[in-house]
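[1] Need coordinates for the below:
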Amino acid sequence: MDRLLRYFLGQFVRRGAMTFTTASGSRFACGDGSGQPVSVRFVTADAERRILLNPELHLGEAYMDGTFVVEDGSIADALAILLDQPEMVPRWAKLQWWLRYLARHARQFNPPGRSRNNVTHHYDLDGRLYSLFLDADRQYSCAYFEAPDTTLDDAQLAKKRHLAAKLLIGRGDRVLDIGSGWGGLGLYLAEMTGADVTGVTLSTEQLQVSNARAAERNLAQSARFLLQDYRDVPGPFDRIVSVGMFEHVGVDFYETFFRRCAELLTDDGIMMLHAIGRSTGPDVTSPWVTKYIFPGGYIPALSEVFPAIEAAGLLVCDVEILRLHYAETLKAWRERFAARREEAVRLYDERFARMWEFYLAASEMSFRKQNLMNFQIQLAKRQGVVPMTRDYVAQEEARLRGRERNAQPRLQLAGE
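    Purely as a prediction, here's the structure:
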């Protein structure tokens, strides 16, 4: 087994400096020696076999089980090396990748019932878990870092402001927030623009928090949140926004999603879609992520998104690519989680805490080292709905900043 590990890992790890210790005590180094050195150890021979057979699934499982241990450095340091190699998938695992690719439509088939179960798996965890690492507004999506030293809370506020500016919302406009999370964006739009906001989610945990926050802020008349699938929402709406939800739609439902949005949007309406995307072509979801974090989830390539938009008859008015903003968001989440890790262990257990560590670190390094990014696509049903140049975005952001300064103190989550 030691020879197999040395051969296959030596073929894969070409960059960085990583030292492996096998279960039998043998040590060997891989990489070109650049960067911060990291040392890891296989605790059992079974972990070695499983990782060789299916590295994309079993590396995370071995870390969760404590049979793959980082001795010098952190799991983030180790993944920064492993996800920065010339080949994104080890050669010996490419057959498994192709099998997953062929089966991806079945894995991403998300009719309403299955969508709700998938959401429950992740978003209906104990709400205290998310308060360990998210900002005060509990924004669970990519922040917008206007400067390198921007704090997480300010970056999440900037994200909401940036989206609101692109939506050009007028007082009294009917706004639909698809995948409204814990209500932060919907409440911001209602308070800062005077819009009438309807948010829909499939998470009962998020629904309860959102409506409690609306009542606490005296916004219940202008911001309401429903437990409802986007396919069942009645319209029409002057504005539609969706942040961090499209990744759960599934490739076979992209046309359904955009056609429904087109049906719900008024002729002079504007839609903003904010989602994770791939800078390269279609791919598959990590089997570890599918099993433990986001069942049914998939990060699309832009080449998979635009045909569905065209088929729905919507016009693309603007596209913005947010590079590395999610890497910085995830870094902040990872560091916050590490600072309160013992609380996560008390909420669940040690294995769960290691799972969450691996999830945050692997996600960060996927954005930092590989081909992931965020996109914001602005959509309309006809030409001339938005200005010809982007100057209006900065102007709207300046106006919203002024309103924020005059607003009430920033709302904390109910129960905090």
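[2] low-scoring stretches of the stretch 301-416 of the chain, by residue?
    408-416 (pLDDT under 70).
[3] what ranges do the strands span in it?
    Applying DSSP state E, counting those that start in this stretch to the stretch 301-416 of the chain gives strands spanning 315-322, 372-380.
[4] which residues of this protein score low on pLDDT?
    Low-confidence segments of the chain (pLDDT under 70): 88-98, 100-111, 113-124, 408-416.
[5] Residue nearest the middle of it, spatially speaking?
    Nearest to the mean C-alpha position of the chain, by CA atoms, centre = their mean, lies S141 at 5.3 Å.
[6] For the nearest residue to that residue once chain neighbours are set aside, list the residues it contacts.
    Once flanking residues are discounted, S141 sits nearest to G244: 3.5 Å by CB to CB, 6 or more residues apart in numbering. Glycine gets a C-beta too; all of them are placed from N, C-alpha and C. When contacts are counted by CB atoms under 8 Å, 6 or more residues apart in numbering, G244 is found next to 140-142, 179, 181, 274-276.
[7] Could you report the separation of A311 from E304?
    12 Å (CB to CB, to the nearest Å).
[8] Please identify which of the two sits among more neighbours.
    E304 (17 against 13; other CB atoms under 10 Å).
[9] ok, the residue lying closest to that one once chain neighbours are set aside - contacts?
    Of all residues not flanking E304 in the chain, P282 sits nearest, at 5.7 Å (CB to CB, 6+ apart). Applying CB under 8 Å, 6+ apart to P282 gives the contacts 101, 251, 300-301, 303-304.
[10] go on, A158?
    Contacts of A158 by CB under 8 Å, 6+ apart are 143-146, 150.
[11] Neighbour count and distance to M355 for these - can I get that in CSV?
    Below are these laid out as CSV (neighbours: other CB atoms under 10 Å; distance: CB to CB, whole Å):
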residue, neighbour count, distance to M355
A143, 27, 23
Y144, 23, 28
F145, 23, 27
E146, 16, 32
T150, 17, 29
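[12] Y292: which of those is nearest?
    Nearest to Y292, judged by CB to CB, of the contacts of A158 is A143 at 24.0 Å.
[13] picking that back up, of all the strands of the stretch 301-416 of the chain, which one comes closest to F258?
    Here strand 372-380 is closest among the strands of the stretch 301-416 of the chain (CB to CB), at 8.1 Å.
[14] Now tell me what touches the closest one from outside.
    So strand 372-380 is contacted by 142, 162-163, 166, 261, 265, 269-279, 299, 302, 305, 309, 314-326, 366-367, 386 (CB under 8 Å, 6+ apart).
[15] Alpha carbons of it, in PDB - could you do that?
    Output of strand 372-380 as PDB, limited to C-alpha atoms (Å, rounded to 0.1, in the frame of the first residue of the first chain):
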ATOM      1  CA  LEU A 372     -15.500  28.900  -9.300                       C
ATOM      2  CA  MET A 373     -16.900  32.500  -9.200                       C
ATOM      3  CA  ASN A 374     -20.200  34.300  -8.600                       C
ATOM      4  CA  PHE A 375     -22.200  35.900 -11.300                       C
ATOM      5  CA  GLN A 376     -24.900  38.600 -11.100                       C
ATOM      6  CA  ILE A 377     -27.200  38.600 -14.200                       C
ATOM      7  CA  GLN A 378     -29.700  41.400 -14.700                       C
ATOM      8  CA  LEU A 379     -32.700  40.400 -16.800                       C
ATOM      9  CA  ALA A 380     -35.700  42.200 -18.300                       C
END
